[in-house]
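Visitor: Coordinates for the following, if possible.
(one chain, ligands or ions: 1)
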Amino acid sequence: MTKLSWTGFSKKTPQERKEHLKKNALLSQENQDLLDKDQQLTLETANQMAENVIGRFTLPFAVCPDVLLVDGVTYQVPMVTEEPSVVAAASYASKLIKRSGGFTTTIHNRQMIGQVALFDVPDKDDASRKIQAASQNLIEIAKEAHPSIVKRGGGPRKLWTETKGDFLIVYLAVDTQEAMGANMVNTMMEALVPELENLSKGQSLMAILSNLATESLVTATCRLSTRFLSRNKEEAHDLAKKMEMASQLAQVDPYRAATHNKGIFNGIDALVIATGNDWRAVEAGSHAYASKDGSYRGLSTWTYDQEAKELVGELTLPMPIATRGGSIGLNPSASIAHDLLNHPDAKTLASIIVSLGLAQNLAALKALTSTGIQAGHMKLQAKSLALLAGASPEEMPQVLAELLKAKHMNQETAQAILEKLRTP
Ligand code: HMG
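Guide: Residues are numbered from 1 along each chain as shown. Just a heads-up that it's a prediction; the model follows:
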């Protein structure tokens, strides 16, 4: 079968894009059929996934096509987002980075952390010593609580204690293999409670997974040749300097850091949601990690290597991501997303996600330090404004053309343009 080129993918209709995926044999027959049928989650399944269900809430499902190069492999990246310009920005920046050699990633580890918080412990130092001495036995108790993960090669790996305020906290690091592992870690932590209370002579306040997944850190780096920022050497140099400054600003001002990180999560959430993962867990862990040295900071850094004429980007995030379990096997759209990515394992998926976040951040910083965000973003936002005003597909081209020329691009203007167009 001759594979089709991805050039012009953004100019196609949704039907043509689906045909493109079919011709490039990216989806299984079953998922191809689901895509043709609009891949809806059935009401019956939805009703099993949450409580008091009355329907299904849908969002745009897009693809960032053939440009995200991570550790030598180019991915077709599924993205679920309601925000205009996110997919365009991810595609644009990934393309620039691909031309410069793509992303390189490092998986520092892949374990989840659970904790049991003990209170009313009469002698915390003594209790801590006893718990450490019994750690092998405690790890065995945790293994017995969830034997299936041990059979699959995972399971509890390390146990340690820390005293924080009035609490003696016991932490357990667990290799959860392809799962995110919240349920298995919670089961293990609850199983440890009786023995921990016995050893410490205290009481357990709670036993639960931590979303600050510092044992699941992933780093993505890239080196962008500044010639891709502008053909004009001086302009490229100035822009690289400003982008480095934008990164510094996000290190010193939490107001800017929050928006800087939101831009990173434009991409990350879109892929985390598409692959059926828990985006609240990823967000909570990353924002806690952004404050790890006591002040909330930008999660990515960009430095300008003037000698090499390269902008060097780096992003490290806790990425407790799964390819099995949770809603992944239940939501047909998530299955299509995993097909598009060619079924990476959890570690590879984590690398793809962090790389996409760094690409998304590059696009935003480039726009912010050059044309300003509104130029590119509002061009694409115009479609949403026209839709909100009630423009039909036939009216859309004319409303868009007028809206892009208007002094104030907002919904009121879109409505006024539409009314004028409809007046005989
Ligand atoms: P441009 O230079 O006008 O784009 O940038 P272009 O028309 O020359 O196209 C370049 C490439 O961009 C295309 O290549 C596509 O890959 C992609 P081609 O396919 O033509 O060979 N592209 C598109 N892909 C799909 N559909 C489209 C489309 N248009 C371009 N319609 C662009 C335009 C939007 C890319 C640029 O201005 C940009 O990256 N802007 C940043 C937008 C952004 O970050 N949006 C997120 C929402 S704003 C926000 O929430 C975050 C923020 O606050 C974060 C922060 O402050 O850090 C900004």
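Visitor: Pick out the residue nearest the middle of this protein.
Guide: Relative to the mean C-alpha position of the chain, the nearest C-alpha, by CA atoms, centre = their mean, is the one of residue 268, at 2.3 Å.
Visitor: what's the nearest residue to that one if we skip its chain neighbours?
Guide: Residue nearest to residue 268 in three dimensions, not counting chain neighbours: residue 357, with 4.3 Å by CB to CB, 6 or more residues apart in numbering. Yep, even glycine has a C-beta here, placed from its N, CA and C like the rest.
Visitor: For that neighbour, report the pLDDT, please.
Guide: Residue 357 carries a pLDDT value of 98.
Visitor: before we move on, what about the one 4 residues further on?
Guide: With respect to pLDDT, residue 361 scores 98.
Visitor: how close does it get to the ligand?
Guide: Residue 361 sits 7 Å away from the ligand, going by CB to the nearest ligand atom, to the nearest Å.
Visitor: would that residue count as being in a helix?
Guide: Yes: Residue 361 sits within a helix when classified using DSSP: H, G, I helix; E, B strand; the rest coil.
Visitor: count of residues packed around it?
Guide: Number of residues near residue 361 (other CB atoms under 10 Å) recorded here: 31.
Visitor: Now that it has come up, it's in contact with residue 257, right?
Guide: No: with contact defined as CB atoms under 8 Å, residue 361 and residue 257 do not form a contacting pair (11.9 Å).
Visitor: Number of residues surrounding residue 202?
Guide: 20.
Visitor: Contact partners for it?
Guide: By CB atoms under 8 Å, 6 or more residues apart in numbering, the residues touching residue 202 are 118-122, 127, 168.
Visitor: Now which of the residues you listed would you call buried?
Guide: Among the contacts of residue 202, those scoring as buried are 118, 121, 127, 168 (criterion: 16 or more other CB atoms under 10 Å).
Visitor: Report the mean per-residue pLDDT for stretch 378-386.
Guide: 84.
Visitor: Now do that stretch: distance to the chain's middle.
Guide: Counting by CA atoms, centre = their mean, to the nearest Å, stretch 378-386 is centred 24 Å from the centre of its parent chain.
Visitor: Mind listing what's buried along that stretch?
Guide: 378-379, 381-382, 385-386.
Visitor: What about those, which are in helices?
Guide: Members of the buried residues of stretch 378-386 lying in helices (criterion: DSSP state H): 378-379, 381-382, 385-386.
Visitor: and the residue nearest to residue 183 when sequence neighbours are not counted, what is it in contact with?
Guide: In space, residue 183 comes closest to residue 325 once its chain neighbours are excluded; the distance is 7.8 Å by CB to CB, 6+ apart. By CB under 8 Å, 6+ apart, the contact list for residue 325 reads 178-181, 183.
Visitor: What about those, which one has the most neighbours?
Guide: Counting neighbours by other CB under 10 Å, residue 181 leads the contacts of residue 325 with 29 neighbours.
Visitor: The closest residue to that residue other than its chain neighbours and residue 156, how far apart?
Guide: Distances taken as CB to CB, 6+ apart put residue 112 closest to residue 181, at 4.6 Å, once the chain neighbours are dropped. Distance from residue 112 to residue 156, counting by CB to CB, to the nearest Å: 10 Å.
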